[in-house]
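Peer 1: I would like the atomic coordinates for the input below:
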Amino acid sequence: MNRLRRSTGSSFIEGGGRGKRLTLQVIDEDEDDEDDGSNHNDFKEDGHKLGPKTASKQQQKQQSIDEAMKRMERAKDTDIAFVMDATSSMGPHIRNVKKSIQKIVEKILETHEGAYVRLAIVAYRDILDGQQRVQHMDFVTDVSEFEEYLSRIEPVGGRDPPEDMAIGIQTANNLTWQNPTRVVFIVADFPCHGNEFHCFDTDDFPDGTPNISIVEELDRMRHNTGDCGTMSIHFGRIQNMTDQMVRRLNDHYNIPLQEQNFSSTPEITKAVTRSVSASIFNTITTASTLPMPSDRSFTRGTLASTSTATASGGNIGSTQYHLHEKKMASTNDNGVGYGIGSANHRSLAKTAACSWEKVIPVKMFRNVDIISVTSLNEPIPVGLVHNSTDTVMFSFIDTTTTDNATSSATFHLKRATTPFAEGGCRYAYHAQLSKKASRISSNAVILKRFKSHTIMEDRRRQYFQQMEISTIAHFLANEYNKSSARPKHCAKIKMLQTAVVEVTGGTTTTTEDNQYYFVEDPLPTNGTKFTRYCNNVGYYLDTTIDETLVRFMKFTYEITNHSLIVTDLQGVDAKNKYYLTDAAILSRDVLRFGTTNLGCQAMDQCIASLDRLVMQRGWKNI
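Peer 2: Residues are numbered from 1 along each chain as shown. Okay, here's the model as predicted:
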C-alpha cells in the first residue's frame, strides 16, 4: 500500500507505487471561513459548530437545492403533441395512434408516478386543400377527448406526393405549451414540399411552402423549452419516402429529428413511451443542475493541506465489505472516439478532421493518492506534478522520462482547434500532451473545459473541485471491483481519472476561458456507444441501466457510511468492463462536490429509486 508523508523541510509529498518514486508539490490554500463559529447555532452532522460564513454558504446552497428539487418534481409533467399528415393515405396510421394512446398514457403514468400529461393533435394536408389544409386540437388532459377528436379527422386531400408539413409544424409551435417536458411526434408517409427534401418529379411547390420555412419552424420548435425544460422532436417513420427529408434536415440544417418506427400500433406504443421517458430523464437532469456560482457562495476550500490525505476517523469508513490493498492503475486503455456526458450530447468533429493549435507549455495538477475510505472525510490534497512518474495512473504520459524532484513542472500541450463534442456543462477536445515536446504526437488525450466559469480567481478551485470528484469515483470503483459487493457475473467498472492542466504561456486565445482544462485518457471505441446510464440524482432509463451500475452506486453509499454516493454514470460498455467519465457525487456536506451535489434530499431520493429498481428486477443481496 502507498504511504504518503510530508518531506522534512520541503513542500513535496513522497510516495511509492509500482517501484516508482512519486513527488508532488502540494498546493496549499487557506480556508475561506476563518471565524470560530462563536454565537452561532448551526452545526454539522458530527456535532461540530459551523462558523457564520460557512453556515451562510450552506444556507444559500440548501435554498438552491430546495428550488431544484421542486423543479425536478415538476419535470415529470409532459406535453405531447402529434403533428400528423391527414391526407388520404394516412387513414390506417391515424387509427393506429388512436388505438395506442390509452396504453401510452397508462405506461407513462405507471413509470412516472404523479406525472401530469397533456395531449394535442395537429392534422395537416396540402396547400391547395382550402379550409381542410390544417386543423388542430390544443392540449387536453382527457384521453377520451383526444381519441374522439382523432376519430373525427377525415383522411382526405393531397395532390402531388409532398404535403404541407410546414404549416403543421407552424401550428404546433402556436399551441399553448406549458409543461417542462415537451415532446413532438411528426408522423408522415410522404415528405414536405421543396425539391431538396425528396426526389419526386412532381412538386407543385418546389421551393417549399410559400411564406413558411420548415427549417425555421423546426428550429423555433426545438428551442421552445420553457424555463428549465426540454423539447424533443421525433419523426414517426412509416415508409422510406421520407428518408431523404430526414437526412437533409439532420445533416445539412442540424435539426435533430429522432426517427421512430410508427408502422404499427405496438411499435407506436413502444416508441412513444420510450421517447417520453427519455425526455423526462433529460428534463430532470436539466432541472437538477444548479447555476454555476459567480463567487464562492456554494463552495468550501478544496485545495487542502497534506494532513487531510491521511485523515482517519470521522463519519466515513464503516464498511460491510472486505477491501483489498489499493494499487495504482496501470492499464493503457487507448481509444480514439469519445462522447461527453449530457442529455443534449452531440458530436461536433472527428479526429481525422482536426486542425490543431500550436504547442503551448502547461502545468499539470492531480490529487494525491487516496489511502483509504477514511481519507474522504476531507478535501483531497492537490499536487503540482514535477516528475512524469507522478502521473503513472494515466496512460498518456511518457513514464520513461527520468526527471528529478526539482525539475521543471512544465508539460507540453497541443489542442484541436474546435471541440468534437458538447455536453450540457463542458466542451471536449482531442489533444496531445507530453513532458517532452518532441514526443507530443504519440500521446493522445481528451481535454474538457467548462462552458461557463466562476470569477477568474476561483477558476482553479472550480476545476480542482471537479477533479476531486473524478479521483474519489476512481478510487471507489477500484474498491468495488475488488470487493464482495460485485458478483462474478457483474462487469467491472473503470472510472477515468482526471488531472487539471493550467496554461502557463503561449495561449492560443485572447479570452480567459481556456486557462484550465481537464485531461483524461480517451474512452475505448470498438463500435461502443456512449450512454448516460443515470443522472446526478440517480434517475435512470430502464433500457440502459445495468445491475453492476446499481451495485456500484449502492456500494459507494454503504462503504462511506451513507455519507456520499457516486452518481451520474456515463460512458461505454466494453463487454466485461464499463468505462465511465464525468461522474457526480451526492454528499451530506452540500458545500463539497460542486453544483451537481444536491445533498441529503437527492441522496435519499436516489437510494429509494435504486431500491425500487432492485425489487422490480429481483436482484439479490444489493
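Peer 1: Only C-alpha atoms from now on, for both contacts and neighbour counts.
Peer 2: Noted.
Peer 1: In the sheet, which residues pair with Asp85? Tell me.
Peer 2: Beta bridges link Asp85 to Tyr124, judged by DSSP bridges.
Peer 1: right, and the secondary structure at Phe464 would be what?
Peer 2: helix (DSSP: H, G, I helix; E, B strand; the rest coil).
Peer 1: Do I have it right that it meets Val501?
Peer 2: No - counting by Cα atoms under 8 Å, Phe464 stays clear of Val501, with 10.1 Å between them.
Peer 1: Against Val134, how distant is Met90?
Peer 2: From Met90 across to Val134, the span is 14 Å (Cα to Cα, to the nearest Å).
Peer 1: Could you do Phe281 as well?
Peer 2: Using Cα to Cα, Phe281 is found at 32 Å from Val134.
Peer 1: Same question for Phe365.
Peer 2: Phe365 is 61 Å from Val134, by Cα to Cα.
Peer 1: quick one: which of these two has more around it?
Peer 2: Phe365 (27 against 21; other Cα atoms under 10 Å).
Peer 1: List the contacts of that one.
Peer 2: By Cα atoms under 8 Å, 6 or more residues apart in numbering, the contact list for Phe365 reads Val382, Gly383, Leu384, Val385, Ala499, Val500, Val501.
Peer 1: got any ranges where the stretch 301-450 of the chain has weak pLDDT?
Peer 2: 301-353, 387-408 (pLDDT under 70).
Peer 1: switch the cut-off to 90
Peer 2: Counting by pLDDT under 90, the stretch 301-450 of the chain contains low-confidence ranges at 301-357, 369, 377-378, 383-412, 420-426, 434-444, 450.
Peer 1: Could I get the full set of strands for it?
Peer 2: 346-347, 360-367, 382-385, 410-415, 421-422, 426-434, 444-450 (DSSP state E, counting those that start in this stretch).
Peer 1: Output the ones you listed as TSV; include the columns distance to Phe82.
Peer 2: Listed next are the strands of the stretch 301-450 of the chain as TSV, based on distance: least, Cα to Cα, whole Å:
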stretch	distance to Phe82
strand 346-347	25
strand 360-367	51
strand 382-385	53
strand 410-415	44
strand 421-422	29
strand 426-434	33
strand 444-450	37
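Peer 1: Mind telling me what element Asn600 is part of?
Peer 2: Quick fix: residue 600 is Cys, not Asn. helix 599-617 (DSSP states H and E).
Peer 1: what's the answer for Glu259, then?
Peer 2: Assigning secondary structure by DSSP H and E places Glu259 in strand 258-261.
Peer 1: list the helices and strands that strand packs on?
Peer 2: Helices and strands touching strand 258-261, by 3 or more Cα pairs under 8 Å, 6 or more residues apart in numbering; DSSP states H and E, are strand 230-237, helix 265-287.
Peer 1: what's the closest of these to Asp203?
Peer 2: Nearest to Asp203 among the helices and strands packed on strand 258-261 is strand 230-237 (20.8 Å), distances taken as Cα to Cα.
Peer 1: quick revisit: report the mean confidence score over the strand holding Glu259.
Peer 2: On average, the pLDDT along strand 258-261 is 94.
Peer 1: Strand partners (parallel or antiparallel) of that strand?
Peer 2: As defined by DSSP bridges, the strand partners of strand 258-261 come to strand 230-237 (parallel).
Peer 1: With just CA atoms, put the helix or strand that the partner strand is followed by into PDB.
Peer 2: Once strand 230-237 ends, the next helix or strand along the chain (criterion: DSSP H and E) is helix 243-251. The C-alpha trace of helix 243-251 is given here as PDB (Å, rounded to 0.1, in the frame of the first residue of the first chain):
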ATOM      1  CA  ASP A 243     -35.700   9.300 -45.600                       C
ATOM      2  CA  GLN A 244     -34.100  11.900 -47.800                       C
ATOM      3  CA  MET A 245     -36.000  14.700 -45.900                       C
ATOM      4  CA  VAL A 246     -34.900  13.500 -42.500                       C
ATOM      5  CA  ARG A 247     -31.300  13.200 -43.600                       C
ATOM      6  CA  ARG A 248     -31.300  16.700 -45.200                       C
ATOM      7  CA  LEU A 249     -32.800  18.200 -42.000                       C
ATOM      8  CA  ASN A 250     -30.300  16.400 -39.800                       C
ATOM      9  CA  ASP A 251     -27.100  16.700 -41.800                       C
END
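Peer 1: if we look at helix 243-251, which residues are touching it?
Peer 2: Pro191, Cys192, Glu196, Phe197, His198, Val215, Ile255, Pro256, Leu257.
Peer 1: neighbour-wise, which of those residues leads?
Peer 2: Result: Cys192 is most packed of those (other Cα under 10 Å), 26 neighbours.
Peer 1: hang on, isn't it packed against Glu163?
Peer 2: Yes - at 5.1 Å, Cys192 counts as touching Glu163 under the criterion of Cα under 8 Å.
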